[in-house]
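Undergrad: For reference, the sequence and a predicted model appear below.
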Amino acid sequence: MAKPASIKIRLNSTADTGFFYVTKKNARTMTEKMVVKKYDPVIRKHVEFREGKIK
């Protein structure tokens, strides 16, 4: 069996609120860590979310 192309990742807020999103990414085409600007409802602002591991 082949490994799946997409893996689950956790996007952690850089504002240190503890809020996170769970999403998928294609590990074969996107080899670097993912950084996305998204909404953090805890501080009610758009901030950067960085990729982390799902525990």
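TA: On my side now, so go ahead. Predicted, not measured: the structure shown is a model, and the values here were computed from it. Numbering: from 1, shown residues only.
Undergrad: hey, let's count contacts and neighbours off CA atoms from now on
TA: Will do.
Undergrad: Closest to the centroid, which residue in the protein?
TA: Centroid-nearest residue in the chain, with CA atoms, centre = their mean: residue 11, separated by 2.3 Å.
Undergrad: In contact with it, which residues?
TA: Shown in contact with residue 11 (CA atoms under 8 Å, 6 or more residues apart in numbering): 20-23, 49-52.
Undergrad: how far away is it from residue 32?
TA: To residue 32, residue 11 is 14 Å away according to CA to CA, to the nearest Å.
Undergrad: Which residue ranges of the chain form strands?
TA: 6-13, 20-26, 35-40, 45-52 (DSSP state E).
Undergrad: Direction included, what does the last one pair up with?
TA: It stands for strand 45-52. The strands that strand 45-52 pairs with in its sheet are strand 6-13 (antiparallel), strand 35-40 (antiparallel) (by DSSP bridges).
Undergrad: Comparing these, which comes out most buried?
TA: Mean neighbour count (mean count of other CA atoms under 10 Å) peaks for strand 6-13 among those, with a mean of 18.
Undergrad: export it as PDB, just CAs?
TA: The C-alpha coordinates for strand 6-13 follow below in PDB (Å, rounded to 0.1, in the frame of the first residue of the first chain):
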ATOM      1  CA  SER A   6      -2.400  14.400   1.900                       C
ATOM      2  CA  ILE A   7      -1.600  14.600   5.600                       C
ATOM      3  CA  LYS A   8      -3.500  16.300   8.400                       C
ATOM      4  CA  ILE A   9      -1.800  19.300  10.000                       C
ATOM      5  CA  ARG A  10      -2.600  21.700  12.800                       C
ATOM      6  CA  LEU A  11      -2.300  25.400  12.200                       C
ATOM      7  CA  ASN A  12      -1.400  27.100  15.500                       C
ATOM      8  CA  SER A  13      -2.000  30.800  16.100                       C
END
